[in-house]
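Participant: Quick one, what's the 3D model for this:
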Amino acid sequence: MDYKSFIKVQLNIVGTNFTSLFAELQKQNVVFEAQKISDTELSLKTRANFLPIIFALLQKKCYTYTITRKSGVNSASLIGAVCAVLILFCVFVFLSNMCFGVQVIADKDLKQKVLNVLDENNLNQTLSWGSLDFSQIENLLLQNIPELSLVNVSQKGSFMLINTNEATLPNKIETSEKNMKGIFATQNGVVSRIFVASGTALVKVGDSVSFGQMLVAPFILNAESEQVEAEVIADVYLFLWDSVTIEFKENSYEYVRTGNFVEDQKLVFGNDILSNRETNCEYETFEAETFYTDVSNVLPVRLCTTRYYETTPVPVQKEFEAEKEALIYQAKQNLLNQVDETKILEEKYTISQVDEVYFVTYYTKREVKV
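Facilitator: The predicted structure follows:
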């Protein structure tokens with residue numbers, strides 16, 4: 001019997017698209033309870049024996065997460081716990097004093113670098129907790145892995161847990177020359193993520209920024225709190241809301257053709273006009289159509305005809321409630337023609353009315369790198 005099945009673990013997860021995460025967990029037969037704290041934060045409870053599967057999925061989907069609480073035997077496993085208590089008692093002293101492995105929370109490449117350093121120093125094997133100095137291990141990893149700016153080593157059950165967070169994983173800035181001017185907002189938005197390896201951040205996650213605003217300054221503060229010029233090495237991401245608005249009136253006019261029309265005709269040879277017969281269109285409102293007719297099967301001679309159809313306004317009355325869903329769909333489609341649908345994180349719409357005019361606005365949220 002796996003003793004981990006008696007341990008409940010609570011995780012705090014930060015990210016988006018939790019529906020996809022739930023589907024993957026159920027597909028892996030993971031037993032869990034979830035409570036949504038906000039649009040980007042989730043509390044998930046499960047048993048410890050499912051943690052390797054959950055950690056793998058969270059790392060694959062780039063979620064940020066921390067273990068916030070552990071508890072002992074749950075009521076559903078009480079009978080099994082009683083049966084196993086004698087065995088657990090016999091090995092309790094041994095287990096509580098031994099480290100049986102290492103769990104590294106990081107992306108794939110960084111995780112392998114951490115494991116390589118541990119192997120080189122004979123730390124990735126069964127050792128007693130008394131022989132492990134967590135502070136020394138943290139310094140060892142920081143000295144040997146330049147990508148790490150912050151690392152935390154702790155004991156989790158019978159494993160040594162090496163945890164990293166967003167601040168330790170800034171994206172590598174690929175540039176042919178040093179940035180000594182700073183990073184500026186290229187659009188209006190809200191800061192969603194910020195990673196600074198060099199320079200001084202002037203904003204934080206959640207701040208609203210406007211176009212042209214400096215986000216990371218090209219200096220650092222020395223021991224005397226004086227500004228010292230420094231190269232900017234940083235990544236800043238913004239949440240952006242795009243929108244499209246459609247206007248609707250219940251009482252309006254539509255223009256229909258009366259059946260009357262006049263037309264202009266031009267005979268063209270390639271780009272040259274051979275003859276031109278213009279008509280003076282005196283219609284107050286009209287619709288125009290242009291079409292071409294080939295005159296010769298040998299030479300590029302065509303007859304260009306522009307026809308002006310007279311129109312007249314006709315009053316039309318429509319109920320907004322009957323048209324609402326169609327208007328929302330139209331606004332959505334107009335917006336999707338402007339943004340990449342695969343980058344959308346959230347969608348919503350609003351309806352407002354000013355006098356006799358209804359305004360249907362559709363919004364989409366996405367994240368961009370400055």
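Participant: Please compute how far stretch 229-242 lies from its chain's middle.
Facilitator: 15 Å (C-alpha atoms, centre = their mean, to the nearest Å).
Participant: Same question for it: list its buried residues.
Facilitator: For stretch 229-242, a neighbour-count test (16 or more other C-beta atoms under 10 Å) marks 230-240 as buried. Where C-beta positions appear, they are placed from N, C-alpha and C, glycine not excepted.
Participant: Give the rounded mean pLDDT of that stretch.
Facilitator: Here stretch 229-242 scores 94 as its mean pLDDT.
Participant: Just the C-alpha atoms of that stretch, please, in CSV.
Facilitator: Presented in CSV, the C-alpha positions along stretch 229-242 are these (Å, rounded to 0.1, in the frame of the first residue of the first chain):
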residue,chain,number,x,y,z
GLU,A,229,23.8,53.0,-15.4
ALA,A,230,23.1,49.4,-16.3
GLU,A,231,22.1,47.4,-19.4
VAL,A,232,18.4,46.4,-19.4
ILE,A,233,17.8,42.7,-19.7
ALA,A,234,14.1,42.0,-19.1
ASP,A,235,10.9,40.7,-20.4
VAL,A,236,7.5,42.4,-19.8
TYR,A,237,4.1,41.0,-20.8
LEU,A,238,0.8,42.9,-21.0
PHE,A,239,-2.8,41.9,-20.9
LEU,A,240,-4.7,43.7,-23.7
TRP,A,241,-8.4,44.0,-24.3
ASP,A,242,-9.5,44.3,-27.9
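Participant: what number of residues lie near the nearest residue to residue 126 once chain neighbours are set aside?
Facilitator: Residue nearest to residue 126 in three dimensions, not counting chain neighbours: residue 100, with 5.5 Å by C-beta to C-beta, 6 or more residues apart in numbering. The number of residues packed near residue 100 is 12, by other C-beta atoms under 10 Å.
Participant: My guess is residue 100 contacts residue 158. True?
Facilitator: Yes - using C-beta atoms under 8 Å, residue 100 is in contact with residue 158, at 4.6 Å.
Participant: Dump the buried residues of stretch 229-242 into a markdown table; add distance to residue 133 and secondary structure as well.
Facilitator: Shown next, in a markdown table, are the buried residues of stretch 229-242 (distance: C-beta to C-beta, whole Å; DSSP: H, G, I helix; E, B strand; the rest coil):
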| residue | distance to residue 133 | secondary structure |
| --- | --- | --- |
| 230 | 33 | coil |
| 231 | 35 | coil |
| 232 | 36 | coil |
| 233 | 31 | strand |
| 234 | 33 | strand |
| 235 | 33 | strand |
| 236 | 37 | strand |
| 237 | 37 | strand |
| 238 | 42 | strand |
| 239 | 42 | strand |
| 240 | 46 | strand |
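Participant: Taking these together, which two end up most distant?
Facilitator: 230 and 240 (28.7 Å; C-beta to C-beta).
Participant: re earlier: mind listing what the residue nearest to residue 126 touches?
Facilitator: Contact partners of residue 100, counting by C-beta atoms under 8 Å, 6 or more residues apart in numbering, are 126, 158-159.
Participant: do you know how far residue 132 is from residue 55?
Facilitator: Note on residue 132: its distance to residue 55, by C-beta to C-beta, to the nearest Å, is 21 Å.
Participant: shaky segments in the stretch 1-150 of the chain?
Facilitator: Within the stretch 1-150 of the chain, the set of residues satisfying pLDDT under 70 comprises 1-6, 70-86, 88-95, 149.
Participant: could I get stretch 21-28 in CSV with only the CA atoms?
Facilitator: Written as CSV, here are the backbone C-alpha positions of stretch 21-28 (Å, rounded to 0.1, in the frame of the first residue of the first chain):
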residue,chain,number,x,y,z
LEU,A,21,-6.3,21.3,-16.9
PHE,A,22,-9.4,19.6,-15.3
ALA,A,23,-9.9,17.5,-18.5
GLU,A,24,-6.2,16.4,-18.4
LEU,A,25,-6.4,15.5,-14.7
GLN,A,26,-9.6,13.4,-15.2
LYS,A,27,-8.0,11.7,-18.2
GLN,A,28,-5.1,10.7,-16.0
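Participant: So which bits of it are buried?
Facilitator: Using 16+ other C-beta under 10 Å as the test for burial, stretch 21-28 gives 21, 24-25.
Participant: Can you classify whatever residue is furthest in space from the centre of the chain as helix, strand or coil?
Facilitator: Distance to the chain centre peaks in the chain at residue 275, reaching 59.3 Å (criterion: C-alpha atoms, centre = their mean). Under DSSP: H, G, I helix; E, B strand; the rest coil, the three-state class of residue 275 is strand.
Participant: I'd say it and residue 267 touch.
Facilitator: Yes - Residue 275 is within contact range of residue 267, at 4.5 Å (criterion: C-beta under 8 Å).
Participant: what's the overlap in contacts for the two?
Facilitator: Residues touching both residue 275 and residue 267 (C-beta under 8 Å, 6+ apart): none.
Participant: For residue 243, see how far away residue 345 is.
Facilitator: Counting by C-beta to C-beta - residue 345 and residue 243 are separated by 15 Å.
Participant: on that earlier part again, which one of the buried residues of stretch 229-242 is nearest to residue 40?
Facilitator: Looking across the buried residues of stretch 229-242 and measuring by C-beta to C-beta, the closest to residue 40 is residue 239, at 9.9 Å.
Participant: quick one: the strands in the stretch 1-150 of the chain?
Facilitator: Applying DSSP state E, counting those that start in this stretch to the stretch 1-150 of the chain gives strands spanning 8-14, 32-38, 41-47, 64-71, 98-99, 102-105, 127-128.
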